[in-house]
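In: below are the sequence and a predicted model for it; my questions follow.
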Amino acid sequence: MFKILLMTCVAALALPAFGAPAEAPSPSLAVLPFDNVSGAGDAPAAIAGLVTAAIAAHGWQVAGGDLHPLLERERVRYLDGVDDAVRTRIIDQTGASGIVTGAVYTWSAGKNPVVAVSARLVRADGSLGWADVAALAADDTERLFGFGRRETPDALAARVIAELMRDFPPPGREAPPPHHKSFFGGSLFGSGAQSFRAPELDLRTPHLVCVLPFANESKSPQAARVFAEVLAIRLAAAEGFEVVEPAHLRAAALKAHVASFRGIGTEDLARLAASVGTSLFLRGTIYTYDDVTGRGIDTPAISVEMSLVDAQTGRVLWAAQHERKGSDYTGLLLLGALSNAVTLADHTATEMIEAQGAGAPRAAQAFTAAREARKRNPAEKRAERRDARKSEEKP
């Protein structure tokens with residue numbers, strides 16, 4: 001009798017270990033190969049490995065399997081995002097809850113290495129779950145007496161990805177909105193963005209906006225893409241705006257038979273509006289994009305203008321222009337200067353968005369004057385912009 005009772009107790013104690021159901025595996029994410037804007041051949045693999053490790057550290061499983069055959073079969077040319085059909089096939093093949101895409105903007109060695117990366121999480125239903133951008137130069141990592149400095153892009157990349165993925169959402173949680181990172185909270189020198197917003201652009205309800213590829217008059221081939229993508233990330237986090245996915249824009253352009261976005265006309269915008277689901281298009285021009293990587297430039301610089309047009313009415317609802325240098329952010333003890341063009345693009349885009357509440361007519365006049373100045377000879381451009389700023393600052 002005692003022996004039977006003892007065996008019963010042992011079986012009861014063993015039941016939780018052998019009879020309890022196993023814990024359900026964590027939800028998973030599929031990580032696509034990162035797009036490579038930097039030109040450094042080994043950069044995407046290094047960044048994808050760090051991002052994958054960070055995703056796992058936030059409680060996700062990373063979907064296994066090689067996605068390259070599927071991407072090749074679907075003829076996916078752009079890795080910053082995929083259309084609905086391809087996303088559905090990836091989800092079906094991997095069982096993932098979403099996909100992570102991204103781009104390596106900068107991966108430069110030399111005296112002051114720079115690494116800049118963006119990434120996005122798109123849920124299985126196509127909604128944006130998280131997006132952010134991060135960039136650092138080796139000088140940014142140097143502590144007192146030169147300690148802690150990351151001397152190579154590989155060493156610097158670990159810091160960049162830690163910053164990029166800091167607010168990545170764990171399973172079942174919403175991500176906080178992307179935030180603007182600034183040493184002192186803003187520029188201490190130079191004027192703010194010049195901006196005009198029409199009264200009918202009421203931001204109390206979200207407006208779906210399509211960010212078109214920017215025109216590029218700078219000397220940097222990647223300038224327009226980097227700035228437009230950073231702007232889209234910050235615009236999606238701003239109150240009153242939602243942003244069309246880039247893959248959705250490309251699919252809509254094919255459907256509307258829009259062959260090129262360069263110099264796109266009113267009729268093409270109207271057809272594109274019907275396909276993309278909104279009549280609001282944001283477009284602009286990059287005039288200056290000076291980076292510190294490999295060109296003997298001491299401080300980054302950006303000048304840009306943009307306008308939001310309603311294709312149904314032809315009206316400009318929001319117009320803004322801005323120019324910044326990394327040295328504009330120098331503060332106490334000569335600290336705070338921005339070290340690279342991607343970080344400067346992030347600050348510049350954010351300041352333009354924050355300034356869109358200014359509806360003063362003089363802002364629109366200054367914007368128009370500066371735009372016309374750029375059409376004349378280069379010797380007049382800077383003087384015209386300076387006069388426009390002075391006009392805007394007068395009471």
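Out: Nice, thanks for sending it over.
In: drop to CA atoms for contacts and neighbour counts, all remaining ones
Out: Noted.
In: point to the residue nearest the middle of this structure.
Out: V230 (3.5 Å; CA atoms, centre = their mean).
In: not counting its neighbours along the chain, what's nearest that residue?
Out: Spatial nearest neighbour of V230, chain neighbours left out: D346 (6.0 Å); criterion: CA to CA, 6 or more residues apart in numbering.
In: wait, what's in contact with that neighbour?
Out: Contacts for D346 (CA atoms under 8 Å, 6 or more residues apart in numbering) come out as V133, H180, F227, V230, L231, R234.
In: I figured the fifth one was touching E351, is that so?
Out: By that I understand L231. No. Here L231 does not reach E351: they are 10.3 Å apart, not a contact under CA atoms under 8 Å.
In: after the helix or strand in which the residue nearest to the centre of the chain is found comes which helix or strand?
Out: Taking DSSP states H and E as the definition, V230 sits inside helix 223-237. Following helix 223-237 in sequence order, the next helix or strand is strand 241-243 (DSSP H and E).
In: what residue ranges in the chain are flagged as low confidence?
Out: Residue ranges of the chain with pLDDT under 70: 1-25, 143-148, 175-192, 294-297, 331-336, 357-395.
In: where do the domain boundaries of it fall?
Out: What automatic domain parsing lists as the domains of the chain is 26-176, 179-359.
In: re the thing from before, the residue nearest to V230: which element?
Out: Mapping D346 onto the secondary structure by DSSP H and E places it in helix 341-354.
In: the stretch 101-250 of the chain: strands as residue ranges?
Out: Remark: strands assigned in the stretch 101-250 of the chain by DSSP state E, counting those that start in this stretch are 114-123, 128-137, 194-197, 207-211, 215-216, 241-243.
In: kindly compare burial across the ones you listed and name the winner.
Out: Ranked by average neighbour count under the criterion mean count of other CA atoms under 10 Å, the strands of the stretch 101-250 of the chain are headed by strand 194-197 at a mean of 26.
In: pull up the pairing partners for that one, direction included.
Out: Sheet pairing of strand 194-197 (DSSP bridges) gives strand 316-325 (antiparallel).
In: for the partner strand, list every residue counted as buried.
Out: V316, L317, W318, A319, A320, Q321, H322, E323, R324, K325 (16 or more other CA atoms under 10 Å).
In: what's in contact with it?
Out: Residues outside strand 316-325 that contact it (CA under 8 Å, 6+ apart): 190, 192-198, 200-201, 299-310, 338, 344, 348, 352, 356, 364, 367.
In: among these, which ones are buried?
Out: Listed as buried from the contacts of strand 316-325 are 192-198, 299-310, 338, 344, 348, 352, 356, 364, 367; burial here means 16+ other CA under 10 Å.
In: what separation do you get for the spatially closest residue to M165 that is not a sequence neighbour and T106?
Out: Leaving aside its chain neighbours, M165 sits nearest to A54 (6.7 Å; criterion: CA to CA, 6+ apart). As for A54, its distance to T106 is 20 Å (criterion: CA to CA, to the nearest Å).
In: which one is D298 nearest to, not counting chain neighbours?
Out: Using CA to CA, 6+ apart and skipping the chain neighbours, the partner closest in space to D298 is V292 (6.0 Å).
In: just V304 next, same as before
Out: Nearest residue to V304 in three dimensions, chain neighbours excluded: I286, at 4.6 Å (CA to CA, 6+ apart).
In: residues near the one you found, how many?
Out: By other CA atoms under 10 Å, 23 other residues sit near I286.
In: that one and S220 touch, don't they?
Out: No. The criterion here is CA under 8 Å, and I286 misses it with S220 at 9.6 Å.
In: quickly list what the residue lying closest to Q356 once chain neighbours are set aside is bridged to.
Out: Leaving aside its sequence neighbours, Q356 sits nearest to S195 (CA to CA, 6+ apart; 5.5 Å). Per DSSP bridges, the residues bridged to S195 are A320.
In: S195 touches A355, doesn't it?
Out: Yes. Using CA under 8 Å, S195 is in contact with A355, at 6.0 Å.
In: quick one: end-to-end distance for stretch 159-171.
Out: Start-to-end span of stretch 159-171 (CA to CA) is 23 Å.
In: buried sites along it?
Out: Within stretch 159-171, the residues scored as buried using 16+ other CA under 10 Å are R159, V160, I161, L164, M165, D167, F168, P169.
In: pick the one among those residues closest to A215.
Out: Of all those, L164 has the smallest distance to A215: 27.3 Å, by CA to CA.
In: from A232, how far off is that closest one?
Out: 16 Å.
In: residues contacting the spatially closest residue to A157 that is not a sequence neighbour?
Out: Excluding the flanking residues, the one nearest A157 by CA to CA, 6+ apart is V115, at 6.1 Å. For V115, the contact set (CA under 8 Å, 6+ apart) comprises V104, Y105, T106, W107, S108, A135, L136, A137, P153, L156, A157, V160.
In: closest one of the residues you listed to F34?
Out: Of those, the one sitting nearest to F34 (CA to CA) turns out to be V104, at 6.8 Å.
In: which residues does that closest one contact?
Out: The contact partners of V104, taken as CA under 8 Å, 6+ apart, are F34, D35, N36, V37, S38, A43, P44, I47, V115, A116, V117, S118.
In: again with D42
Out: D42 makes no contacts at all, as judged by CA under 8 Å, 6+ apart.
In: D35 versus that one, what's the distance?
Out: D42 is 12 Å from D35, by CA to CA.
In: swap in A319?
Out: 30 Å.
In: cool, L317 as well?
Out: Separation of L317 from D35 (CA to CA): 33 Å.
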